[in-house]
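In: Quick one, structure for this:
(chains A and B)
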There are 2 protein chains.
Amino acid sequence: MTGSAALFTDRYELTMVDAALLDGTAHRESLFEAFARRLPDGRRYGIVAGTGRLLELIERFRFDDAELEFLREQRVVRDETLDWLADYRFRGDVWGYREGEAYFPGSPLVTIQAPFADAVMLETLVLSVLNYDSSVASAAARMVSVALGRPIAEMGSRRTNEASAVAAARAAYIAGFDATSNLEAGRTWGIPTMGTAAHAFTLLHDSEEAAFRAQVEAMGPGTTLLIDTYDIATGVETAVRVAGTGLGAVRIDSGDLPTVVAAVREQLDELGAVNTRITVTSDLDEFTLAALSGAPVDAYGVGTSVVTGSGFPAAGMVYKLVARRGDDGEWVSVAKASTKKLSVGGRKNAARRIDSTRTAREELVFVGDGPDGEAEFAADDELRPLMVRLMHEGRADAAFTGHAGVEAARAHRAEVMQELPIEAFRLGRGEPVIPTTYR
Amino acid sequence: MTGSAALFTDRYELTMVDAALLDGTAHRESLFEAFARRLPDGRRYGIVAGTGRLLELIERFRFDDAELEFLREQRVVRDETLDWLADYRFRGDVWGYREGEAYFPGSPLVTIQAPFADAVMLETLVLSVLNYDSSVASAAARMVSVALGRPIAEMGSRRTNEASAVAAARAAYIAGFDATSNLEAGRTWGIPTMGTAAHAFTLLHDSEEAAFRAQVEAMGPGTTLLIDTYDIATGVETAVRVAGTGLGAVRIDSGDLPTVVAAVREQLDELGAVNTRITVTSDLDEFTLAALSGAPVDAYGVGTSVVTGSGFPAAGMVYKLVARRGDDGEWVSVAKASTKKLSVGGRKNAARRIDSTRTAREELVFVGDGPDGEAEFAADDELRPLMVRLMHEGRADAAFTGHAGVEAARAHRAEVMQELPIEAFRLGRGEPVIPTTYR
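Out: Residues are numbered from 1 along each chain as shown, chains lettered A, B, ... in the order given. All right, here's what the predicted structure looks like:
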C-alpha cells in the first residue's frame, strides 16, 4: 500500500493528463463539481461526510519514486508526463459544503478550481472518499434520529474493508454516533472507543461464571457483561452475583429483542441492579432501532447496516467538469449533453431557504455565480449560505481537518438537523424533504 | 493511518486478551473458524477472496510504539498487557479454503489454531478482509459467467472507500475480471490496468474532434474513444475520421444499450472500422450484462455493482471459537447455545463430493476431524479435499501471497467453476446449488 494517495486513482485520469499536456489544454483553468444526481431511493436527505479526510489526502497527493517507477514500467504516460507528475502537488482552491451538512440532489458538495490536469487527477479520490463516507453518515443519521437520544456505538469494522472501517467509524460519529469499536479510528480521529468481550471469552472459560469473574477482575464491576452465551436468565443472575448490583451494563446480542430486553430489565431490577444498563447489539438497523423505542434499552451497538450504508453502500456522487476557460481566458460552462444523465454546467453557489419557523424549505443552487458570492446572501436572513472555502492554493483550512474537523462536523450536523422539516425523519420512503431549485 | 494492521481491530479483542492474561486462560490453545452461516439471499454459491491479502496482513500484525502509546493513554489494557502486545506476533497455524474456491453455508473457510490471546486478536482483521473481498468476488463471478467470455474491466474505485477499491480490484480479478482501472491494484497486486478518457476530456476541448485528435496523438489510433459526450452518431463518425479505420475501440457510457450498441456497430462497419471494438460501461450489473448477451458488445466495464457486492456488500462471515484445550490439555468443542444463530462447535475438515460427471454434489464438513486429516480423502477420488495449510507457525505459504497468490487464486476459481452444477449460474434467486452436510 502506498504512503501517499496518488495511486488511489483510475488510470484514465493520468492518460487524460498525458494527452492534455501534449496539446496544451492541460493548463486551462477548470472547475469540477462533486454532487449527487439523486438521493438513495426513498431517502429524505443525505449527510455529507469525508470532506476533512479528503482535504488531508489531497494535501498528501504526491507521486513518490516507487509509484513513478510503476507508471514508467507500465508505460501509462509519456516520460515528459512522468516529470510533470513528479512535481505535482495540488495548488488549487476547493469550496464546498461543510462536513456534516445535509444535502439534496444537485447540491454542489465540493467544487475544485485548478488547471484541468491538476483537478482531473483528483476525481477518483474525491469520489471514493465522499461516496463511501457520505453513504455511512447518511444511514447513521437516520439511526441517530430514531434512537431518541440513546447512545449508539458503531461496531461494524468486521463487515467492511479494514481501512473502510476507520472511515466508517469517523462518518458515523459525525452523524451522531457516540463511540466506535475501532481502535484505529480512536487513534487517527479521536473518536471514543468502546467494547469489553465477545462470546468467545465466555466459551474459553470452564463456565460463564469463571468468564464473568475474569472480566470483572480485569475491568471492574462497571464493565459490560455479555449475558447471552447460554441461557439469558441464568446469565443475568450470574452477572449480578459476580459483579454485584453495581454492575455497569449487560449486553444482549440475540433473541426477540423487545421481549428479551423487558425480561432482563425486570430481572435486573428484582436483583437490585436498578442502575445496571442494557446494551443491545443484534443486527440492528434504523428499522429495528425504531421498533425498540418502547423497550427499556439504554444503549445500542450497530454494525453491518451502518458501515454498508443500510442498503446504499455508495452515495452516488459524481465529479463533473462544469466550466473551463478557453484560450481567450473566458469561462465556458460545459455539460455532457447526449443522455438522460442530466448535469447542469457552470459555476455554482448554494444556499438553503429557511422560513420564519427556522425550518428549511428549499435548496437553492445559483448557476453562474461562484462560491465567493457568499456576501450577497448575508443581507437576507432567510438564506443560509452553504458553501465555505475548504482549501486555498493547496492548503486545507485547519478548521476542517484532523480531530477538530471531526468535532466541528459532528456539531454542525446536530445543528442542521434542527432545521430540517419533521418529515425528514420519517423512515418510510419518500421524496427529498426539500426541493432543489436552480436559479 | 498505521503502517501495521494492528489497530484495524475492535477494542474488545484487546480487553479480552487483557482479562484472559490476568486469569491465565489466555494461553489455552484455541481453534477459531471463519465461516458464513448462509449465502446472500438467493445466491447459489460464494467465492472466497481476501485470503492471500489476509495472510500478508497477519504477518505484519505488530504493535508499534505509537500504537502502544495510544493504548496506554486510553487505558485500553493494563501495563502488563501492553508489554505482551509489544512482543506480539502471530506464531500459530492457519488452514482454510484456497482463495478463489467456491463456498457454501458452513464451509470452514479459515481455521486458526493458536493460544486464545493470539488468535482472538485477529478476529476483526480476518472478518474485514474476508467479508469485503468475498462479497466482491462472489458478485464478480456471477458477472463473469453471464459475460460469456467477453472481457470485463473493474472500474468502481470511485464507488467505494479508496483503500477498499484496491481490494475490490484484486477480488474481481480473482473472480475472472480481466483488468482494473485502479493503479494501486496494478502496482500492489500485478493486475492489468486500463482506461483512456472521461467526458471531462472532451468537454475540456473546444470540440469533440479536438479532444479525439489530442487523445489519438498521445495514445495512438489503437486507443478507446468515448463517443457519447454529445451526439453518439456524430461521435462515431468523428472518431473514425480522426483515428482512421484502425481505431481500437469506442466506449459507450449511456443510453438504451442494446439499441445503441447495435446502431454503433452498424455505423462502424459502414465506415470500414470493422475491427473497432465496442466497450460498454453504463451502470452495469449481472442482470444488465445478461440482457446484453445478444448485442454486439466486445468488452464491458463494471463499476458500482461489483465493488459493492451487487446488493450484498458484506459476505456475512463470522469468526467463532469452536474448540479450545482445557487445563487438562484435552480439546473441548464449544458453541454459543442460547440462540437461533446456530454454530457447530469442534474442529472441522471439509471436502466436496464430485460425481462421475465431474459435477459437485455436496459440501461435506467433517466435525471433530482436523484439516491435517486430508490424507484420508486421497483414497476416495470422489471427495475433493478443500482445506490447505495457509500459514505455519506464523509464516504464510508463499504460494498464496503476493502476485503469485493472486494468479493462483484466479486459476483455481476458473477450475472450480467447471465442476459446479449448471444451475449455479442461473441469475434467479434460489438455494445454494449444493447442500452442506455435517458428519
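
In: can you list the domains in chain A?
Out: Taking automatic domain parsing as the reference, chain A has its domains at A:11-137+A:312-438, A:196-291.

In: distance between the ends of the shortest one?
Out: Its first and final residues considered, domain A:196-291 spans 26 Å by CA to CA, to the nearest Å.

In: ok, back up a step: same list as before, the domains of chain A that is, but in a markdown table and with mean pLDDT, distance to residue B:305 and mean neighbour count included.
Out: (C-beta placed from N, C-alpha, C; glycine too.) Putting the domains of chain A into a markdown table (pLDDT from 0 to 100; distance: least, CB to CB, whole Å; neighbours: other CB atoms under 10 Å in any protein chain shown) gives the following:
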| stretch | mean pLDDT | distance to residue B:305 | mean neighbour count |
| --- | --- | --- | --- |
| domain A:11-137+A:312-438 | 93 | 10 | 20 |
| domain A:196-291 | 96 | 22 | 20 |
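
In: now these as CSV including distance to residue B:16?
Out: Shown next, in CSV, are the domains of chain A (distance: least, CB to CB, whole Å):
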stretch, distance to residue B:16
domain A:11-137+A:312-438, 26
domain A:196-291, 5
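
In: Now those domains in CSV, please, with extra columns for distance to chain B.
Out: Converted to CSV, the domains of chain A look like this (distance: least, CB to the nearest CB, whole Å):
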stretch, distance to chain B
domain A:11-137+A:312-438, 3
domain A:196-291, 4
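
In: Show me the strands in the stretch 201-350 of chain A, by range?
Out: A:224-226, A:249-252, A:277-280, A:299-302, A:317-325, A:331-333, A:348-354 (DSSP state E, counting those that start in this stretch).

In: re earlier: indicate which one of the domains of chain A is closest to residue B:435.
Out: domain A:196-291 (25.0 Å; CB to CB).

In: circling back: let me have the strands of the stretch 201-350 of chain A in a markdown table, extended by distance to residue A:437.
Out: As requested, the strands of the stretch 201-350 of chain A are exported to a markdown table (distance: least, CB to CB, whole Å):
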| stretch | distance to residue A:437 |
| --- | --- |
| strand A:224-226 | 49 |
| strand A:249-252 | 47 |
| strand A:277-280 | 42 |
| strand A:299-302 | 35 |
| strand A:317-325 | 17 |
| strand A:331-333 | 18 |
| strand A:348-354 | 9 |
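
In: of all those strands, which lies closest to residue A:186?
Out: Closest among the strands of the stretch 201-350 of chain A, using CB to CB: strand A:299-302, at 15.6 Å.

In: Is that closest one in proximity to chain B?
Out: No: no part of strand A:299-302 sits near chain B under the criterion CB under 8 Å from any CB of the partner chain; the closest distance found is 10.4 Å.

In: ok, residues contacting that strand?
Out: Residues outside strand A:299-302 that contact it (CB atoms under 8 Å, 6 or more residues apart in numbering or on different chains): A:140, A:143, A:147, A:150-156, A:172, A:177, A:181, A:249, A:251, A:277-281, A:284-285, A:289, A:292.

In: and what of stretch A:63-75?
Out: Taking CB under 8 Å, 6+ apart as the rule, stretch A:63-75 contacts A:2-4, A:6-7, A:14, A:77, A:79, A:82, A:85-86, A:88, B:183, B:186-187, B:193.

In: correct me, but residue A:201 touches residue B:16?
Out: Yes: counting by CB atoms under 8 Å, residue B:16 is a contact partner of residue A:201 at 4.6 Å.

In: who touches both of these two?
Out: Common contact partners of residue A:201 and residue B:16 (CB under 8 Å, 6+ apart): residue B:120.

In: so how far is the first residue of stretch A:166-185 from its last?
Out: End-to-end distance for stretch A:166-185, by CA to CA: 5 Å.

In: residues of it that come out buried?
Out: By 16 or more other CB atoms under 10 Å in any protein chain shown, the buried positions in stretch A:166-185 come out as A:166-185.

In: end-to-end on stretch A:351-367?
Out: Start-to-end span of stretch A:351-367 (CA to CA) is 12 Å.

In: distance between it and the chain's centre?
Out: Centre-to-centre, stretch A:351-367 and its host chain are 23 Å apart (CA atoms, centre = their mean, to the nearest Å).

In: Show residues contacting that stretch.
Out: Against stretch A:351-367 from outside (CB under 8 Å, 6+ apart): A:102-104, A:106-108, A:333, A:344-350, A:373, A:377, A:382-386, A:418-421, A:433-439.

In: Same question for stretch A:275-287.
Out: In contact with stretch A:275-287 (CB under 8 Å, 6+ apart) are residues A:139, A:142-143, A:146, A:155, A:224, A:240, A:245-255, A:257, A:261, A:264-265, A:268, A:292, A:296-306, A:310, A:427.

In: Could you export it as CSV, CA atoms only?
Out: Extracted as CSV, the C-alpha positions of stretch A:275-287 are listed here (Å, rounded to 0.1, in the frame of the first residue of the first chain):
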residue,chain,number,x,y,z
ASN,A,275,-28.7,1.2,37.7
THR,A,276,-27.3,-1.6,35.5
ARG,A,277,-27.8,-0.5,31.9
ILE,A,278,-28.9,-2.7,29.0
THR,A,279,-27.0,-2.6,25.7
VAL,A,280,-28.4,-4.2,22.6
THR,A,281,-26.3,-5.2,19.6
SER,A,282,-28.0,-7.8,17.4
ASP,A,283,-28.0,-7.0,13.7
LEU,A,284,-29.7,-3.6,14.3
ASP,A,285,-30.6,-1.1,11.6
GLU,A,286,-32.8,2.1,11.7
PHE,A,287,-36.0,-0.1,11.4
